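here is my input, please return the structure:
(chains A and B)
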Amino acid sequence: MLLGPLGPGWVDDTGRWLQAILAEFGLAPDDRYRIELCAEELATNVVKYGGAPCATQRIELDVLVESDRLRLTQVDSCAPFDPLSVATPPAADSLEALQEGGQGIHLVRSFSDGCTYEHHDGRNRVELVFDLAPPVLEPAGAQPVAAGPRNRGRASAVKIFEGVPFAALEPVLEPLTLLDIADEMVLLKPGDANHSVLLILGGELRIYLDQPGQGDFIETSVGDCVGEMSVIDARPVSAYVIASKGSRLLSIDEDTFLNRLMAIPRVSRNLMSAMSERMRRSDRLTIQRMRRLMEMEQARRELQYARTIQESQLPRAPLFAGDARLDCVGRMCAAREVGGDFYDTFFLDARHLFVVVADVCGKGLPAALFMVRAMAVLRAQSGHQGLTDGYIGHLVASLNEDLCAYNSAQQFLTAFCGVLDLETNRLRYVNAGHNPPAVAGPDGVFRYFGEPINPLVGMVPGLTFRTGEIEFGAGGTLVLYTDGVTEAENGRGGMFGEDRLLACLDATMNATAEQLVDAVFDEVRQFAAAAEPSDDITALVVRRLPR
Amino acid sequence: MKVSVDPSKTVRRIALEGRLDAAGVQAAEADFKAAVDAGPNVIVDLSKVPFIASLGIRMLVASSQAQAKIGGKLVLVGPDEMTMRVLKTTGIDQLLPVRSSLDQALALF
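Predicted coordinates for the structure are as follows:
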């Protein structure tokens, strides 16, 4: 028997299958011709009238050979339709009329020796009978072969029949149905009632416990069987069973399985050991999955922990509380659990304020480790030199030397570092490949600055870093940020951009540092909308309060 | 399924080789149609077609109609006995000429 889903492939499948089967029987060529012709017309008919292709709508084709006749049956579960009720078309009198069709069933009637239709149990069943001419011996000397016993003989070689005498099996297996299955056919699905055990004689079946065609599956091959669990406990099927290529199955009905096969002690023992083996396989799969999940959960917890540590490293509001000269807020929002951006600010002495915003290449844990190191080096080195004009240039150069020295992963960072003298109102800075910061005077109008631009930090040792200087006095506002702000994407190929940032800052008159940071983060979030943040986002705002 | 054309003769000959079942028609249809549509008058050689079903017949009928439209004629030649039975059963032999030999077919042009 051939079992396949409703779809245009059915016609080709039946053609191939039938040619192979009929070749084994040694029929007269004319008989083969008309059987193949009628089968193709029946198949074409069910595909044409059976409805939309459907993987769970099954069609069966079976061939039964008796001594001088052959029965061919096609059974489908489509809407009731009697193809034989189609009237024989009158002799076509034009090519147009012939083109109309309706010839298929006419051919079936003309070339078979009997056809019947019945609708039973929700299935259409068409049976054709062919009276056979005496078999012709092929020149190669091929003998007519009785299909049944030989194919079932192969069944006695599989695992669950191991060690069972052929003679005990043969009468039990003889009347059973042999199924050839179309590729990728869904044989069983969860919730199905099942009344037969399918023994694999050829090809493979895949068992999916979760979703069909997704994730892990249990592979079964020749000698395995499926469906025995639902037959044994009389409960619905619990998994998807899908046929791989070229599957041939022996369908063992419930009664034969429980009352005749299980009655043979060796068979039931073989089955139990096969089931134990399957259970072991499935256990191994489950344990593997569990272990992977636990490892992932552990890694996730550790990352969460790392995030807390990272966040606690960054100076948090209120910064310099009680200092009437300053209003200062920093924020870093990592794209993943941990990030590679950082900001820092602290007083070097009573009048010199140090500020930095930096962005380590990459994201996640590798970037975060490098970020922690860079931040620690900056803090450690910041106290080592006198506060001359060259101070900030020296500091960045020594950070560069330190990061270059032990850097097998070739990491680097961009940074904007500056020292603000609160007495002279001068901000002296080094821009190492970083985005231009924005600054506003008491009028609240922002502009970008940041020349000269130096190379990145951590790539090439021995560099000197050129400094720049601007006026940054009372009433002014300084905004440092990373490219996570200006290069935020909206998921449609658009980028936030420097103009949008400037417009956002200009729109906030007399805002506190906190409100400015909020405004920038809100604007970015709105712009990105549903798009995943692709980079860490950082901003540090320093306001010099009017005297 | 193979479609080959011999345009050298006075009337073009298209030889089909293989089963004209569903798969065969699918494989041959585009080439066959192109060969038939190339110009009026064509002989279709079925002597190497061991099997035909209704989809194959439909393909032949459509081509014959296409020939009629451009003022040409399509003649079938050399079907085996069973294929002839199928052609007769569908009545196609009444509507387009079927000949057993090439000479008989050529005599029609």
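
so, low pLDDT: which residues of chain B?
When residues are selected by pLDDT under 70, none of them lie in chain B.

dig out what the residue nearest to the spatial centre of it forms beta bridges with.
For chain B, residue B:44 is the residue whose C-alpha lies nearest the centre (CA atoms, centre = their mean; 3.6 Å). Under the criterion DSSP bridges, residue B:44 forms beta bridges with residue B:14, residue B:76.

equivalent analysis for residue A:202, please.
Those that pair with residue A:202 in a beta bridge, by DSSP bridges, are residue A:248.

before we move on, back to that, how far away is the residue nearest to the centre of chain B from chain A?
As judged by CB to the nearest CB, to the nearest Å, residue B:44 and chain A stand 14 Å apart. Heads up, the C-betas are built off the backbone N, CA and C, glycines and all.

quick check: residues of chain B near chain A?
By CB under 8 Å from any CB of the partner chain, the residues of chain B that approach chain A are B:21-23, B:50-51, B:53-55, B:57-58, B:61-62, B:64-65, B:68, B:81-82, B:85-86, B:89-92, B:94-96.

ok, the residue nearest to the centre of chain B touching residue B:76?
Yes: counting by CB atoms under 8 Å, residue B:44 touches residue B:76, with 5.3 Å between them.

spell out which residues are contacts of both of these two.
Applying CB atoms under 8 Å, 6 or more residues apart in numbering or on different chains, one finds that residue B:44 and residue B:76 are jointly contacted by residue B:60.

nearest residue to residue 59 in space, ignoring adjacent ones along the chain?
Let's take chain A. In this structure, residue A:59 finds its nearest non-sequential neighbour in residue A:76, 4.4 Å apart by CB to CB, 6 or more residues apart in numbering or on different chains.

actually, chain B is the one I wanted.
residue B:25 (5.4 Å).

which helices and strands sit right next to the host helix or strand of that neighbour?
If you go by DSSP states H and E, residue B:25 is part of helix B:22-36. Packing partners of helix B:22-36 (3 or more CB pairs under 8 Å, 6 or more residues apart in numbering or on different chains; DSSP states H and E): helix A:9-25, helix A:29-49, strand B:2-6, strand B:12-17, strand B:42-48, helix B:54-69.

among the ones you listed, which comes closest to residue A:380?
helix A:9-25 (71.6 Å; CB to CB).

so which elements touch the closest one?
Helix A:9-25 packs on strand A:2-6, helix A:29-49, strand A:54-65, helix A:147-155, helix B:22-36, going by 3+ CB pairs under 8 Å, 6+ apart.

between helix B:54-69 and the last one, find me the angle.
Direction vectors for helix B:22-36 and helix B:54-69, defined by axes from the mean of the first three to the mean of the last three CA atoms, to 10 degrees, enclose an angle of 10 degrees.

list the buried ones in helix B:22-36?
Going by neighbour count (16 or more other CB atoms under 10 Å in any protein chain shown), the buried part of helix B:22-36 is B:22, B:23, B:24, B:25, B:27, B:28, B:29, B:31, B:32, B:35, B:36.

domains in chain A, as residue ranges please.
Chain A breaks down by automatic domain parsing into domains covering A:1-138, A:146-283, A:316-544.

wait, doesn't the residue nearest to residue A:59 sit right on residue A:50?
Yes: using CB under 8 Å, residue A:76 makes contact with residue A:50 at a distance of 6.1 Å.

which residues do those two both contact?
Applying CB under 8 Å, 6+ apart, one finds that residue A:76 and residue A:50 are jointly contacted by A:6, A:57, A:59.

CSV please, covering the helices and strands packed on helix A:9-25 and showing distance to residue A:109.
Converted to CSV, the helices and strands packed on helix A:9-25 look like this (distance: least, CB to CB, whole Å):
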stretch, distance to residue A:109
strand A:2-6, 23
helix A:29-49, 9
strand A:54-65, 19
helix A:147-155, 27
helix B:22-36, 20
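
what's the closest of these to residue A:288?
Closest to residue A:288 of these is strand A:54-65 (CB to CB; 29.4 Å).

show residues contacting that closest one.
Strand A:54-65 is contacted by residues A:1-7, A:10, A:14, A:17-18, A:21-22, A:25, A:35, A:39, A:43, A:46, A:50-51, A:70-78, A:146-147, A:177, A:184-186, A:189 when judged by CB under 8 Å, 6+ apart.

any quick ChimeraX command for the buried ones out of those residues?
Command for ChimeraX that selects the buried part of the contacts of strand A:54-65, burial taken from 16+ other CB under 10 Å:
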select /A:1,2,3,4,5,6,7,10,14,17,18,21,22,25,35,39,43,46,50,70,72,73,74,75,76,77,78,184,185,186,189
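
closest residue of the stretch 151-300 of chain A to chain B?
At 14.5 Å from chain B, residue A:182 is the closest residue in the stretch 151-300 of chain A, using CB to the nearest CB.

ok, that residue - contacts?
By CB under 8 Å, 6+ apart, the residues touching residue A:182 are A:2, A:3, A:4, A:5, A:9, A:10, A:13, A:243.

now the lengthiest helix in chain A, how far from the chain's geometric center?
If you go by DSSP state H, chain A has its longest helix at helix A:265-313. Chain-centre distance of helix A:265-313: 19 Å, with CA atoms, centre = their mean, to the nearest Å.

so what does that helix touch, helix or strand wise?
Helix A:265-313 packs on strand A:218-220, helix A:228-233, helix A:364-381, going by 3+ CB pairs under 8 Å, 6+ apart.

any chance of TSV for these, columns distance to chain B and mean pLDDT?
What follows is the helices and strands packed on helix A:265-313, written out as TSV (distance: least, CB to the nearest CB, whole Å; pLDDT from 0 to 100):
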stretch	distance to chain B	mean pLDDT
strand A:218-220	30	84
helix A:228-233	36	89
helix A:364-381	52	91
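
include mean neighbour count when you put these into a markdown table, please.
Below are these laid out as a markdown table (neighbours: other CB atoms under 10 Å in any protein chain shown):
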| stretch | mean neighbour count |
| --- | --- |
| strand A:218-220 | 17 |
| helix A:228-233 | 17 |
| helix A:364-381 | 19 |
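
got a markdown table for those, with distance to residue A:275 too?
Below are the helices and strands packed on helix A:265-313 laid out as a markdown table (distance: least, CB to CB, whole Å):
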| stretch | distance to residue A:275 |
| --- | --- |
| strand A:218-220 | 12 |
| helix A:228-233 | 7 |
| helix A:364-381 | 45 |
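
next helix or strand past the helix or strand of chain A with the lowest mean pLDDT?
When the helices and strands of chain A are compared on mean pLDDT, DSSP states H and E, helix A:147-155 comes out lowest with a mean of 47. The first helix or strand that comes after helix A:147-155 along the chain, using DSSP H and E, is helix A:166-173.

elements contacting the helix or strand just after that next one?
Next in sequence after helix A:166-173, counting helices and strands by DSSP H and E, comes strand A:177-181. With contacts taken as 3+ CB pairs under 8 Å, 6+ apart, strand A:177-181 sits against strand A:2-6, helix A:147-155, strand A:247-253.

could you list the low-pLDDT ranges of the stretch 1-150 of chain A?
For the stretch 1-150 of chain A, the stretches flagged by pLDDT under 70 are A:88-93, A:97-101, A:135-150.

make sure residue A:314 is actually in contact with residue A:345.
No: using CB under 8 Å, residue A:314 is not in contact with residue A:345, being 9.9 Å away.

any residues in contact with both of those two?
Taking CB under 8 Å, 6+ apart as the contact rule, residue A:314 and residue A:345 both touch residue A:330.

one step back: closest one to residue A:392 among the helices and strands packed on helix A:9-25?
strand A:54-65 (69.5 Å).

hey, C-alpha coordinates of the closest one in CSV?
The C-alpha trace of strand A:54-65 is given here as CSV (Å, rounded to 0.1, in the frame of the first residue of the first chain):
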residue,chain,number,x,y,z
CYS,A,54,-3.1,19.2,2.7
ALA,A,55,-0.3,17.3,4.5
THR,A,56,-2.7,15.6,6.9
GLN,A,57,-5.3,14.6,4.3
ARG,A,58,-4.3,11.1,3.4
ILE,A,59,-4.7,9.1,0.3
GLU,A,60,-4.0,5.4,0.1
LEU,A,61,-3.4,3.3,-3.0
ASP,A,62,-3.3,-0.5,-2.8
VAL,A,63,-2.8,-3.3,-5.2
LEU,A,64,-4.0,-6.9,-4.5
VAL,A,65,-3.1,-9.6,-6.9
